[in-house]
Structures are given as structure tokens and as C-alpha cells.
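Engineer: Mind folding the following:
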Amino acid sequence: MKEFKFVNRTSELQTLEKLYNQPGFQFVPIYGRRRVGKTRLVKEFIKNKKAIYFLSDSIPQTQQLKNLGQSVGEFFNDVILMQNGFTSWDQFFVYINEKAQRQRIIFVIDEFPYLVIANSAIATIFQKGIDEYLKQTELFLVLMGSSIGMMEKEVLHYKAPLYGRRTASIEVKEMNLLSIHEMFPDKSFSDVIRLYAIFGTIPAYLEKINPRKDVFSIIKDSILEKYSFLYNEVDFILREEFREPHNYFVILKSIALGKHKLSEIVNDTGFEKTMVSRYLDILRSLHIIRKEIPITEKNPEKSKGIYKLYDKYFNFWFKFIFPNRRWIELGQTDIVLKKIKEEFEHHVSSVFEDACIELCYSLMKKNIMQFTRIGSWWSKTDQIDIVALDDSSNTIWFGECKWSTKKVGTNIYYDLLKKSHNIHYYPDNQKNKYILFSKSGFTSDMIMIAKTNDVLLVDINEILDFIT
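Structural biologist: Below you'll find the model as predicted:
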């Protein structure tokens, strides 16, 4: 498999470089869900710099310290330390204090939560180490973690021992949609959307893809093979994050299969409402699901909203893999692939709205449209895929996203026009604008109306003409 080029982390790298060039001690926690690209980001940052990278593991503290000492000893060519390792955290901090007094050294500890598991007091130990030994040095300390809950509890939360010691913190999020195009420049943008509907924009997943294969061959080889990394990935993440993951599996499956309201999830799972609410809050904090509310809601905290899977691969896996695991375990992958083929384009259409919202941000960068915030809107009778509010000009963009083999015609536009007349968000001089996204282009009548009514038409396969 080819090595993919490093993409889409410009702002994170700029932040790290800016801090690196400032004198004095720096402490930067870096966190984000597994596979999102934290390690790749840091390794890109430490290229050609004096840096020690240490990956902690789920082993006892004494062995962690020994391994840590071997890594540090190798960097400083300290034979005794390589042989013996560190015997205490105090010894580690004293040693680094001496080495980093006059030279900038980057020290990266990846998967810091494993140190917490080995010693529940480790955050307090690092607090003391920073205050007594590291604050007056030129050390650039990076603590990384994939367990968002544990990183918040031990490092980021205002009650955490290390709170107040950091000079910055970086949450590494998924890449943007255009990054998939950067990784697979030879694929059509429709196929880019299809990959997005399966893998989201998680680098570690996309890098498993053979770019020469079609989407269903990719699914068969990368996901339906029961010994593959991706087949067991969701299971692994949830079991790493939760001691008792069964209830989370049930709730996530319910959402993936279309139960989006709290009441629907409660009825579908049979769990108590208070229990489901608590689990949903936890899943939201881990960025596995999201709560959506109509974008025009004036009191969002009071809105019941709906729940959707934020993670695209989780969404695909719970929709197609989890309910069919028995077939995969029996080696009957063709049965599962047939089901996926039958429902796949409908699945893509269900996430196409998210892709179009991402593309709106790219259009904004090109000054084609402007908005303060963006989302969707619905009432008891109507729904609009995209509503983007621009507070500076009292302008609302209304949009529809059509993943269909048919060209978008005037009926779609007139229906959107009718629904938009029911939204009066700005009390004075509200201006309405319209944007239509289509997989298959537009009818000649729609193109004519767009020219005379200033409607923005975006053919997905021509999107690069707009944003590059």
C-alpha cells in the first residue's frame, strides 16, 4: 500500500511551530478520537527537530519507566540509562531538567491514558514534576491521548491536576471532505462522496484503501474480511472506551437504523429514558454522536433535538456490519455485500447533506457565499437540508441536496422557495438566497431560472471548478 501524503493539518502545525519558536517551557496536550491522525501530526511536527517520542502501553508502571528510560537513554546516548531505565518518576523529571536547561527538546508521550491506568496518581505526579523541575527549562512537552474522556478528566478539565499548566491544547478533529480528494485525486467527486459515506475523513481508515479499486471491492476487502483491521474497529474502540459496551451497541444501532428522537430510541431499545439520556450525553462527549437542533432555534439548550451518528464509519458499521456479523463470521460475505449494494446509494443520500454543508465552508472561503452559522431546519410539516444564517447582512441561504440519478428540476426549487417563505428569522430586511446541490446536474429549465433568479447551482462532479 502506498504512503499517502500528509494533508489537511495546516493550522495545527502552525500552532505547534509558533509555540516551538517561543522561549521557555511549553506544555501542549493533544487529544482526539482514535485513528484521527494525532500521531502522524506530531511526527510531522518533530521532523528535523531534537525530539523524543515515547509510546506508552498497557503494562505495569515499573516496566513503563524502564522503557521510558531506554528511549531517553538512546536519544542522549546514555548507556547506563539504556540498560537500567528509570526507577521513579522523580528520577525522570530530574534527568530531563538537567538536559533541557539550555536546549529546546521536544518530549512526546503518546497514549498518556495508559500511564493513568498504570498509576491513578500520574496526573498529580506530572503536575509536581512540571512545577518543581520542568517550568524553568526549554522543554516542549506533548501529552497525547485517544481516550477523550480520560484526557478531559486528567488533563483538560478545570478540576484536573494538570489544569493551568498547559500553554495550549489541540483537539485533532477529522479532516475536511476535500482531503479525500487530495488523497485520491484520480477518483470522481461522486466517488469521493461515496468514500466519505463509508469512512468519513479518518486518515487511518482512508489509508487502508486501494485507490485502484471500486467502492464495493473496497468494502469487501477492507471491511467484510473478518480478520481485517476495519471489521473489528468499532468493537475495539467501544470496548477500549467502556467497561460495559453492550448498551452502547444497542443505542448506536438504533440511531444508525433511523431512530433519531429520544422517544424513538427509548421505545426501540426498551431502556429507561434517564439511562438513554445519560448514555447519549457520554456518546456526544466522545464525538461519536451529535445532537442536532433546527438552526433557527432561539433557545437551543431547551430544544429536544434529534440524535445522529457523527462518526461516518460508526454509522456505516452499525447499519450494515453489526446486524450481519453472523454471515461474515460464517464466511458468507457475498450475502452481506448484496445487501449493501441494494441499499448503498440510499445510505449515501442520507449523509450527502453533511457533505454539502462541508462544501459550503469551501464556498465561503472563495467568497461565493457568506454565513455566520449553518445547519438544517425542520418543523412538524417541513424540512430544509441547509439553512445558513449571515447575521452581518441579515441574509439566509436556503439549500437542498439531491443525491439522485435524475437531474434537479424546477419543482425542487419552487418547493424550496415555498418552504423558505415560512422562515422569518431576521425581523428587518431579511434577504433570502438559494443554493441547490445535485449529483446528476440540472435540467435546462432549472439552469435558465437560476440565471434570472440568482440561484447558485452546484453540480457535485463540477465542484472543483467552484472551490479551486
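
Engineer: From here on, just use CA atoms for contacts and neighbour counts.
Structural biologist: Fine.

Engineer: Next, count neighbours for the nearest residue to residue 261 once chain neighbours are set aside.
Structural biologist: Distance criterion C-alpha to C-alpha, 6 or more residues apart in numbering; nearest residue to residue 261, sequence neighbours excluded, is residue 306 at 4.9 Å. Residue 306 has 17 neighbouring residues, counting by other C-alpha atoms under 10 Å.

Engineer: Check residue 39 too.
Structural biologist: 20.

Engineer: in which helix or strand would I find it?
Structural biologist: helix 38-45 (DSSP states H and E).

Engineer: what's the following helix or strand after that helix?
Structural biologist: Heading C-terminal from helix 38-45 (DSSP H and E), you reach strand 51-55.

Engineer: Tell me the helices and strands packed up against the helix or strand just after that following strand.
Structural biologist: For strand 51-55, the following helix or strand on the C-terminal side (DSSP H and E) is helix 61-76. Judged by 3 or more C-alpha pairs under 8 Å, 6 or more residues apart in numbering; DSSP states H and E, the packing partners of helix 61-76 are strand 51-55, helix 79-84, helix 113-118.

Engineer: So for residue 286, which of these sits nearest?
Structural biologist: For residue 286, the closest of the helices and strands packed on helix 61-76 is helix 113-118, at 14.8 Å, according to C-alpha to C-alpha.

Engineer: quick one, whichever helix or strand comes after that closest one and helix 61-76 angle?
Structural biologist: Using DSSP H and E, the helix or strand that follows helix 113-118 in sequence is helix 122-129. Inter-element angle recorded for helix 122-129 and helix 61-76: 40 degrees (by axes from the mean of the first three to the mean of the last three C-alpha atoms, to 10 degrees).

Engineer: next one: helix 122-129 to chain centre, how far?
Structural biologist: 29 Å (C-alpha atoms, centre = their mean, to the nearest Å).

Engineer: Give me the distance between the helix or strand following it and the centre of its chain.
Structural biologist: Per DSSP H and E, the first helix or strand lying C-terminal to helix 122-129 is strand 139-145. Taking C-alpha atoms, centre = their mean, one finds strand 139-145 lying 21 Å from the centre of the chain it belongs to.

Engineer: send the alpha carbons of strand 139-145 over as PDB?
Structural biologist: Below are the C-alpha coordinates for strand 139-145, written out as PDB (Å, rounded to 0.1, in the frame of the first residue of the first chain):
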ATOM      1  CA  LEU A 139      11.300  21.500  27.300                       C
ATOM      2  CA  PHE A 140       8.400  21.200  24.800                       C
ATOM      3  CA  LEU A 141       6.200  18.600  26.500                       C
ATOM      4  CA  VAL A 142       3.400  16.900  24.500                       C
ATOM      5  CA  LEU A 143       0.900  14.600  26.200                       C
ATOM      6  CA  MET A 144      -1.300  12.700  23.700                       C
ATOM      7  CA  GLY A 145      -4.400  10.700  24.200                       C
END
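
Engineer: What is the least confident helix or strand in the chain?
Structural biologist: Ranked by mean pLDDT, DSSP states H and E, the weakest helix or strand in the chain is helix 148-151, scoring a mean of 78.

Engineer: tell me the mean pLDDT over the helix or strand just after it?
Structural biologist: As assigned by DSSP H and E, the chain's next helix or strand after helix 148-151 is strand 170-171. Mean pLDDT, computed over strand 170-171, is 90.

Engineer: Please apply the same query to stretch 402-420.
Structural biologist: 96.

Engineer: Got phi/psi on the residue nearest in space to the middle of the chain?
Structural biologist: Centroid-nearest residue in the chain: residue 174, 3.3 Å away (criterion: C-alpha atoms, centre = their mean). Dihedral pair for residue 174: phi -60, psi 150, per degrees, to the nearest 10.

Engineer: and it, what does it touch?
Structural biologist: Neighbour list for residue 174: 36, 200, 201, 202, 203 [criterion: C-alpha atoms under 8 Å, 6 or more residues apart in numbering].

Engineer: Kindly state the pLDDT recorded for it?
Structural biologist: 86.

Engineer: go on, residue 11?
Structural biologist: On the pLDDT scale, residue 11 gets 88.

Engineer: got it, and residue 364?
Structural biologist: 95.

Engineer: for residue 7, same thing?
Structural biologist: For residue 7, the predicted pLDDT is 60.

Engineer: Repeat that for residue 153.
Structural biologist: 80.

Engineer: could you list every residue that touches the nearest residue to it once chain neighbours are set aside?
Structural biologist: Leaving out its chain neighbours, the residue that sits closest to residue 153 by C-alpha to C-alpha, 6+ apart is residue 160, at 5.9 Å. Each residue near residue 160 by C-alpha under 8 Å, 6+ apart is listed here: 123, 152, 153, 154.

Engineer: I'd like the residues you listed as a markdown table, with neighbour count appended.
Structural biologist: Below are these laid out as a markdown table (neighbours: other C-alpha atoms under 10 Å):
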| residue | neighbour count |
| --- | --- |
| 123 | 21 |
| 152 | 17 |
| 153 | 16 |
| 154 | 22 |
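
Engineer: Closest one to residue 95 out of those residues, please.
Structural biologist: Closest to residue 95, out of all of those and judged by C-alpha to C-alpha, is residue 123, at 18.8 Å.

Engineer: Where does residue 260 sit: helix, strand or coil?
Structural biologist: Secondary structure assignment for residue 260 (DSSP: H, G, I helix; E, B strand; the rest coil): coil.

Engineer: and the gap between it and residue 372?
Structural biologist: Taking C-alpha to C-alpha, to the nearest Å as the measure, residue 260 falls 26 Å from residue 372.

Engineer: neighbour count winner among these two?
Structural biologist: For residue 260 versus residue 372, the count of surrounding residues by other C-alpha under 10 Å is larger for residue 260: 18 against 12.

Engineer: From what I see, that one and residue 306 are in contact.
Structural biologist: Yes. Contact criterion C-alpha atoms under 8 Å: residue 260 and residue 306 qualify, at 5.1 Å.

Engineer: who's in contact with the least confident helix or strand of the chain?
Structural biologist: 31, 32, 33, 113, 145, 285, 286.

Engineer: Spell out the residue ranges of the helices in the stretch 251-400 of the chain.
Structural biologist: For the stretch 251-400 of the chain, the helices defined by DSSP state H, counting those that start in this stretch cover 262-269, 273-285, 312-316, 325-329, 333-365.

Engineer: Go through the ones you listed and pick out the most buried.
Structural biologist: helix 312-316 (a mean of 23; mean count of other C-alpha atoms under 10 Å).

Engineer: and that helix, average pLDDT?
Structural biologist: Mean pLDDT, helix 312-316: 95.

Engineer: top of the contacts of residue 174 by neighbour count?
Structural biologist: Counting neighbours by other C-alpha under 10 Å, residue 200 comes out on top of the contacts of residue 174 with 26 neighbours.

Engineer: what sits against the closest residue to that residue other than its chain neighbours?
Structural biologist: Nearest residue to residue 200, sequence neighbours excluded (C-alpha to C-alpha, 6+ apart): residue 312, at 4.7 Å. The neighbourhood of residue 312, defined by C-alpha under 8 Å, 6+ apart, consists of 196, 197, 198, 199, 200.

Engineer: And the pLDDT at the third one?
Structural biologist: According to the predicted model, the pLDDT of residue 198 comes to 97.

Engineer: what's the answer for residue 236, then?
Structural biologist: 88.
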